[in-house]
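K.L.:
Provided below for reference: sequence and predicted model.
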Amino acid sequence: MTVALDNIAGGRTLPSPHRRPPTPPTWTPLVIASDRCKGCELCIGACPHGVLALDTAVVNTLGYHPVRLTDAAGCTSCALCAKVCPDAIFTVFAPRKEA
Amino acid sequence: MTTPLVERPTSPADASAPTGTAPAPTGTAPRIIAGRPALLHDKSTHYCPGCGHGVVHRLIAELLEDLGVADRTIAVAPVGCSVFAYDYIDVDWIEAPHGRAPAVATGVRRVRPDAYVLMYQGDGDLAAIGTAEIIHAAARGEGIVCVFVNNGIYGMTGGQMAPTTLLGQTTTSSPLGREASAAGYPLPITEMLAMLPGVAYASRGTLADAASIGRLRAMLKRAMEMQLKGAGFAIVEVLSNCPVGWGMTAQESIDHLAVVAETYPVGVLVDRPKAAATAARAAQTAIPDPLAATALEA
Amino acid sequence: MVISAAPERVLMKGNEAIAEAAIQAGCDAYFGYPITPQAELLEWMARRMPELGRVFVQAESEVAAINMALGAAATGARVMVSSSSPGISLMAEGMSYMAGSEVPVVLVNVMRGGPGLGSIGPSQGDYLQMVKGHGHGDYRTPVLAPSSISEAIALVADAFEIAERYRTPVVILADGTLGQAMEPVVPVYRMPRRVEPDWAANGRGGRRPRVVKSLHLRPEELELHNDHLQAKFREIAAAEVRWTGELLDDAEVVVVAYGTAARVARTAIRRAREGGLRAGLFRPISLWPFPSAALAELAPRARAILVVELSAGQMIEDVRLAVEGRAPVGFHGRTGGMVPSPDEVVASLRRLWAITEPRNGEPQRRRHARSTPTLPSRAARPTPSEPAITDEPALQEVWR
């Protein structure tokens, strides 16, 4: 509840990686703002390839285990995770073209 | 390995920590298929994990930008969990008392003909205390769009029964389950509004799965376009979830939306921009025949 | 509105005069609901506002009307709402939101008999409601009380000005007599200067989004907001007091009355003087901020003060607070839509004079003690079918 109140008061904004389109140095189809994840797992249920899972080794600043991409090669950029996410934490990139 | 209590500051590359890397694509940056809309404020929301408000906020933020109306939008916020909507979507907002958003929006609509007017309401706000206001704003055919998030419960105040709570549903004010004899039947408010001649568009969508969310997005877009056509009142009801109020996990609550849809069927109720515009402009002296109203051509 | 032979002087109905004054003051939008005795205000607006391309909406209820006003005014429009006592009660929530969100609106209350559905006769029974805040929470609303139609016209313009200068709702407190009466008036209209508000949610992009709200969930934040509101009310209290006096210089007994009660009192004090009693009238025009300092200043010089109201006694509380025991305060009131006659008031003045002591040149300070002069009980009052013949004055209570 303390965390929620802080957010309501606007006393703390969390850094967002999305202000400029993120261009990761190494290829990944999915960038996740794990500091915004609330661990609701709706993305895990929506992902048809089973490549998302909660990272139980980490607790983020909101107090949740955030989701992580477990297998970048298995992600097809279908973006179903982004569609169901209530916190808009996903940025999905088009599939990498074969060289 | 101990669990770190505070995560290291993230960067895009760290955030997903993919196992296995691949050569960077040559030349241009990769195309973004889906991302966080610019109008969504840089702030984590207070909504519970898995709460449907977050999805609806995201869709509205996307659409206000896609339609190019964000700069002239005046939105009206309700009382309920989404009372803080004004903190999350970066447009002008006016806070309305509980249930009064349609009246507040009417005042805005009338004095600011150039503004784009959107209101956001929950089921307690719209279908209980605000029933008179929503019916009359719709009856006047006000050129506003209403996003009606129906999760069948009073979330903010701790999970009490709402007019849209299902029969048999347990809430903190219907601890033995809602009984029709004491508490009546779930209120089909959108069906009631669809009867009114001034209503250009009325539909019901659901957050049940990604495909439904896609269809909901199309409904919201159509509803929001009504104002741009000068067509009249538009409302989209969204069957949404309340994991904490329903006593379920986020996924269970999403799955439960299928049960909700048995009482509140998903679909387009009316889509008749031209007829509604005519009706809104014409003097209404006769009591409209509901069946005739729904048979009007778009 | 009847135009008499001399075009500058016209016969105007109070409700219509208030409406036209608002229109001439640049009112952009009017929202209302029919209720006696102010329906003519709504009807005047219904005809005139569309003629001028401005906004008129007859809302589905007073609740809706006040909220439409909140929305329109929150975008920076100049807005008026009107109603009468039962409808005003419905607007209390909206007023509180306006005060908390600092949204300027002019609200006209044409008071009628209460409580409940009451009557449609004139009354001043909403004084406490309007002056002590009206809705929930810690706030004050400027309240202006006209006593004549031409004064009402002037106060409408003042009301818009005060509302916008301080970002607050402002109340014009009239009663059924003033609303329904027709008087010859030389209307003097005024349009207060318009300033584009820098706080309004007007959907003009290209700047940071604005939010008009009253929710401040953290107590620390809400306390700061309330401190800011209170500072504003102190500013208003220092600058916007309005009152007027008649025949006060040598007055032994001072009548304190506002609105229609003051009209009756004006006649009463003159009749009392004809009979040898030196009476004067202190007429508050701003009921909040109440002219306490002025009243406190004249109280020590008065033998007694008689408060006359169309109520069971509401403004008298503020009078007693201001007087602070420096003079005895008597009360003469009628409820239910009844209006006291000047002769009743004169009789009470005489009775009050008879039971009080002359000033010996020093301010009187006595322990507070309340006495009730012998009166016919209310049950023994003549019924409406009987003529009200009595030698007993209607002086009801005296606080010393």
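P.N.:
The structure has been received and is ready for your questions. All values derive from a computational prediction rather than experimental measurement. Residues are numbered from 1 along each chain as shown, chains lettered A, B, ... in the order given.
K.L.:
close enough to count as contact, A:Cys75 and A:Pro29?
P.N.:
Yes. A:Cys75 is in contact with A:Pro29 according to Cβ atoms under 8 Å; the separation is 4.4 Å. In this view, the C-beta of every residue, glycine as well, is placed from N, C-alpha and C.
K.L.:
can you count the residues close to B:Leu207?
P.N.:
29 (other Cβ atoms under 10 Å in any protein chain shown).
K.L.:
C:Thr141 now?
P.N.:
Counted with other Cβ under 10 Å, C:Thr141 comes out at 25.
K.L.:
That one belongs to a strand?
P.N.:
No. Applying DSSP: H, G, I helix; E, B strand; the rest coil, one finds C:Thr141 to be coil, outside a strand.
K.L.:
hang on, the earlier thing: please identify every residue contacting each of A:Cys75 and A:Pro29.
P.N.:
Here A:Cys75 and A:Pro29 have A:Leu69 as joint contacts, going by Cβ atoms under 8 Å, 6 or more residues apart in numbering or on different chains.
K.L.:
Which strand or helix spans C:Ala69?
P.N.:
Per DSSP states H and E: C:Ala69 is located in helix C:62-74.
K.L.:
Could you do C:Asp343 as well?
P.N.:
helix C:342-354.
K.L.:
And that helix, how far out from the chain middle?
P.N.:
Remark: helix C:342-354 is offset 25 Å from the chain centroid, using Cα atoms, centre = their mean, to the nearest Å.
K.L.:
Output the contacting helices and strands for it.
P.N.:
Contact partners of helix C:342-354 among helices and strands, from 3 or more Cβ pairs under 8 Å, 6 or more residues apart in numbering or on different chains; DSSP states H and E: strand C:253-256, helix C:259-274, strand C:304-309, strand C:329-333.
K.L.:
And stretch C:203-213, what's buried?
P.N.:
Of the residues in stretch C:203-213, C:Gly203, C:Arg204, C:Pro209, C:Arg210, C:Val211, C:Val212, C:Lys213 count as buried by neighbour count, 16 or more other Cβ atoms under 10 Å in any protein chain shown.
K.L.:
is that stretch up against chain B anywhere?
P.N.:
Yes. Interface with chain B: stretch C:203-213 contributes C:Gly203, C:Arg204, C:Gly205, C:Gly206, C:Pro209, C:Arg210, C:Val211, C:Val212, C:Lys213 (Cβ under 8 Å from any Cβ of the partner chain).
K.L.:
residues in contact with that stretch?
P.N.:
For stretch C:203-213, using Cβ under 8 Å, 6+ apart, the contacting residues are B:70-74, B:77, B:86-87, B:90-95, B:112, B:114-116, C:74-75, C:101, C:103, C:199-202.
K.L.:
Please work out the average pLDDT along that stretch.
P.N.:
When pLDDT is averaged along stretch C:203-213, the result is 93.
K.L.:
For chain B, give me its nearest residue in the stretch 151-300 of chain C.
P.N.:
C:Gly205 (2.7 Å; Cβ to the nearest Cβ).
K.L.:
got the phi/psi numbers for the nearest residue to C:Thr75 once chain neighbours are set aside?
P.N.:
Distance criterion Cβ to Cβ, 6 or more residues apart in numbering or on different chains; nearest residue to C:Thr75, sequence neighbours excluded, is C:Asn202 at 4.7 Å. For C:Asn202, the backbone dihedrals (degrees, to the nearest 10) come out as phi -100, psi 10.
K.L.:
Kindly report the same for the one 10 residues further on.
P.N.:
The phi and psi torsions at C:Val212 (degrees, to the nearest 10) take the values phi -100, psi 110.
K.L.:
which among the buried residues of stretch C:203-213 gets closest to chain A?
P.N.:
For those, with chain A as the reference and Cβ to the nearest Cβ as the criterion, the closest is C:Val211, at 10.7 Å.
K.L.:
So what pairs up with the closest one in the strands?
P.N.:
B:Trp93 (DSSP bridges).
K.L.:
Can you identify each of the strands in chain A by residue range?
P.N.:
A:30-32, A:52-54, A:67-69, A:90-93 (DSSP state E).
K.L.:
What helices and strands are in contact with the last one?
P.N.:
What that stands for is strand A:90-93. strand A:30-32, helix A:80-84, strand B:32-34.
K.L.:
Most tightly packed of these?
P.N.:
Per residue and on average, the most neighbours among the helices and strands packed on strand A:90-93 fall to strand A:30-32, with a mean of 28 (mean count of other Cβ atoms under 10 Å in any protein chain shown).
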